[in-house]
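S.K.: A predicted structure for the sequence below; I have some questions about it.
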Amino acid sequence: EPEVTQTPSHQVTQMGQEVILRCVPISNHLYFYWYRQILGQKVEFLVSFYNNEISEKSEIFDDQFSVERPDGSNFTLKIRSTKLEDSAMYFCASSEGASGVGEQFFGPGTRLTVL
Amino acid sequence: DAKTTQPPSMDCAEGRAANLPCNHSTISGNEYVYWYRQIHSQGPQYIIHGLKNNETNEMASLIITEDRKSSTLILPHATLRDTAVYYCIVRAGTRWREKLTFGTGTRLTIIP
């Protein structure tokens, strides 16, 4: 069964460093998303992406964040200068976009720890 | 999107049916009910969705009341692997491409 994959599974970085989180969505999917979950809190939407541009972003997704689909398979989230409060699980999701169901398939997540 | 209300936690004995309620009294006519679950910090997993008819798939059944103000997710024979946080999400059918808004969900614990 096709699945969303994410790398790395765990990333440790120093405050102020740049990190890139990588995702490979399901191959025929057209809509891509990033969510995050701070330990013990709700899953929060960050950004959605379609047709090589951002469709929607939350207040969390400020100028420190960017997304890119550099090729036909990868979808990345970059945090330019990490802060302690960026420590969280980051989930990538994708959606087929054709059936109108809106079912989103989530990856296993990347645990980001900012020291 | 309509607001949903779920109990914070529930227990269910292994092998029994787990019935998870969700209240969505302000749901409007074009809004679907979706259920996702999250097993111990893994990515959320889609379970089922419905508009007004009852739905069943290999994972669960979804019962929506006639007035659509509440629904119940049924896991017919709960196993230990069903221990997870279950989220009931309401979203307009026209907004199916958009973000999912997760609440705090119901933490279901399956007891051996």
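M.R.: Yes, it's here.
S.K.: switch to C-alpha atoms for all contacts and neighbour counts from now on
M.R.: Fine.
S.K.: give me the nearest residue to the residue nearest to the spatial centre of chain A, chain neighbours excluded.
M.R.: With distances taken as Cα atoms, centre = their mean, the residue of chain A nearest its centroid is residue A:34 (3.1 Å). Among residues not flanking residue A:34 along the chain, residue A:92 sits closest, at 4.6 Å (Cα to Cα, 6 or more residues apart in numbering or on different chains).
S.K.: ok, the closest residue to chain A within chain B to residue B:34 distance?
M.R.: As assessed by Cα to the nearest Cα, chain A sits closest to residue B:96 within chain B, at 4.3 Å. Distance of residue B:96 to residue B:34, given as Cα to Cα, to the nearest Å: 11 Å.
S.K.: just to revisit the earlier point, now do the contacts for the residue nearest to residue A:34.
M.R.: Counting by Cα atoms under 8 Å, 6 or more residues apart in numbering or on different chains, residue A:92 touches A:4, A:6, A:23, A:25, A:32-35, A:106-107, A:109.
S.K.: of these, closest to residue B:64?
M.R.: Comparing the contacts of residue A:92 against residue B:64 with Cα to Cα picks out residue A:106 as the nearest, at 25.4 Å.
S.K.: got the contact list for the closest one?
M.R.: Each residue near residue A:106 by Cα under 8 Å, 6+ apart is listed here: A:3-4, A:91-94, B:43-45.
S.K.: rebuild these as JSON lines, extending it with distance to residue B:69, secondary structure and pLDDT.
M.R.: What follows is these, written out as JSON lines (distance: Cα to Cα, whole Å; DSSP: H, G, I helix; E, B strand; the rest coil; pLDDT from 0 to 100):
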{"residue": "A:3", "distance to residue B:69": "33", "secondary structure": "coil", "pLDDT": "93"}
{"residue": "A:4", "distance to residue B:69": "33", "secondary structure": "coil", "pLDDT": "97"}
{"residue": "A:91", "distance to residue B:69": "31", "secondary structure": "strand", "pLDDT": "98"}
{"residue": "A:92", "distance to residue B:69": "31", "secondary structure": "strand", "pLDDT": "98"}
{"residue": "A:93", "distance to residue B:69": "29", "secondary structure": "strand", "pLDDT": "97"}
{"residue": "A:94", "distance to residue B:69": "29", "secondary structure": "strand", "pLDDT": "94"}
{"residue": "B:43", "distance to residue B:69": "28", "secondary structure": "coil", "pLDDT": "96"}
{"residue": "B:44", "distance to residue B:69": "24", "secondary structure": "coil", "pLDDT": "96"}
{"residue": "B:45", "distance to residue B:69": "24", "secondary structure": "strand", "pLDDT": "96"}
